[in-house]
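Undergrad: Quick one, fold the following:
(2 chains)
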Amino acid sequence: EAGVAQSPRYKIIEKRQSVAFWCNPISGHATLYWYQQILGQGPKLLIQFQNNGVVDDSQLPKDRFSAERLKGVDSTLKIQPAKLEDSAVYLCASSSIRGAHTEAFFGQGTRLTVV
Amino acid sequence: QQPVQSPQAVILREGEDAVINCSSSKALYSVHWYRQKHGEAPVFLMILLKGGEQKGHEKISASFNEKKQQSSLYLTASQLSYSGTYFCGTVRNNNDMRFGAGTRLTVKP
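TA: Numbering: from 1, shown residues only, chains lettered A, B, ... in the order given. Alright, predicted model coming up:
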């Protein structure tokens, strides 16, 4: 079974530029999460999708971050414009049903450095 | 809304035991435990649903006290491979999963 795929693995951009991350969850997984993990901290939930609908985006900085999950499969997370404090690893995870009952599988993450 | 983990860090010798705690101020539906090694993605260890159950996986087990909104992870006879950062993920009735700040476990020979 293929795992959660993310790209790119690494990205370096200057502040005020825009960047996009892509996630392909495990086939058939309805729930998709985007987390931001700053070095030395736990993953912070940015947004959770159930199929192509948003379940929770209360911690997503909506003035600069946006995410979509078209057709309930792949998802993209965009930052525009980026700030220095956005430097982090962005993790995508998926689970087969709504998160409470089953494990979430994580991708390798995208390491973003904003300079 | 993030759960609180303790301790922040633990250093053990091989064969020693450790307990990692996770608590929440909100009512929980379930608790997940993950381990993350440096530069890698978090890997699932176990999930505990409300009901005060205890689960085990080899020499790693966990308990969940629903009334106290607390969970504990027990590592018995630790091995070098247990080193990493352990995160608890708590799920409330709205099904979003929030993680604690993590507990860094180092097992030395």
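Undergrad: as a whole number, average confidence for whatever helix or strand A:Ala67 lives in?
TA: Element membership of A:Ala67 [criterion: DSSP states H and E] is strand A:65-68. When pLDDT is averaged along strand A:65-68, the result is 97.
Undergrad: residue ranges for the strands of chain B, please.
TA: Here chain B has its strands, by DSSP state E, at B:4-6, B:9-13, B:18-23, B:30-36, B:43-49, B:54-57, B:60-65, B:70-75, B:84-91, B:97-99, B:103-108.
Undergrad: between the second one and strand B:18-23, how many degrees?
TA: It refers to strand B:9-13. Calculated by axes from the mean of the first three to the mean of the last three CA atoms, to 10 degrees, strand B:9-13 forms an angle of 160 degrees with strand B:18-23.
Undergrad: Please apply the same query to the fourth one.
TA: The directions of strand B:30-36 and strand B:18-23 differ by 130 degrees, with the same axes, to 10 degrees as the criterion.
Undergrad: if we look at strand B:30-36, which residues are touching it?
TA: For strand B:30-36, the surrounding residues in contact (CB atoms under 8 Å, 6 or more residues apart in numbering or on different chains) are A:100-101, A:103-104, B:22, B:42-50, B:62, B:64, B:71, B:73, B:82, B:84-91, B:97, B:99, B:102. All C-beta spots, glycine's among them, are computed from the backbone N, C-alpha and C.
Undergrad: mind listing what it pairs with, with the direction of each?
TA: Strand B:30-36 has the following strand partners under DSSP bridges: strand B:43-49 (antiparallel), strand B:84-91 (antiparallel).
Undergrad: Where does pLDDT dip in the chain?
TA: Unless you meant another one, I'm taking chain A. Across chain A, the ranges flagged by pLDDT under 70 are A:1, A:98-101.
Undergrad: nope, chain B
TA: Using pLDDT under 70, chain B drops low at B:51-57, B:94.
Undergrad: which parts of it sit against chain A?
TA: Contact residues (CB under 8 Å from any CB of the partner chain) of chain B with chain A: B:2, B:5, B:29-30, B:32, B:40-44, B:47, B:49, B:87, B:89, B:91, B:94-102.
Undergrad: hang on, B:Met46 packs against B:Ser63?
TA: No - judged on CB atoms under 8 Å, B:Met46 makes no contact with B:Ser63 at a distance of 10.7 Å.
Undergrad: where does A:Glu85 land in three-state SS?
TA: helix (DSSP: H, G, I helix; E, B strand; the rest coil).
Undergrad: What count of nearby residues applies to it?
TA: 10 (other CB atoms under 10 Å in any protein chain shown).
Undergrad: Run through the residues that contact it.
TA: Contacts of A:Glu85 (CB under 8 Å, 6+ apart): A:Val114.
Undergrad: returning to what we had before: a markdown table for the strands paired with strand B:30-36, including mean neighbour count and distance to B:Gln36?
TA: Formatted as a markdown table, those follow (neighbours: other CB atoms under 10 Å in any protein chain shown; distance: least, CB to CB, whole Å):
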| stretch | mean neighbour count | distance to B:Gln36 |
| --- | --- | --- |
| strand B:43-49 | 18 | 7 |
| strand B:84-91 | 25 | 5 |
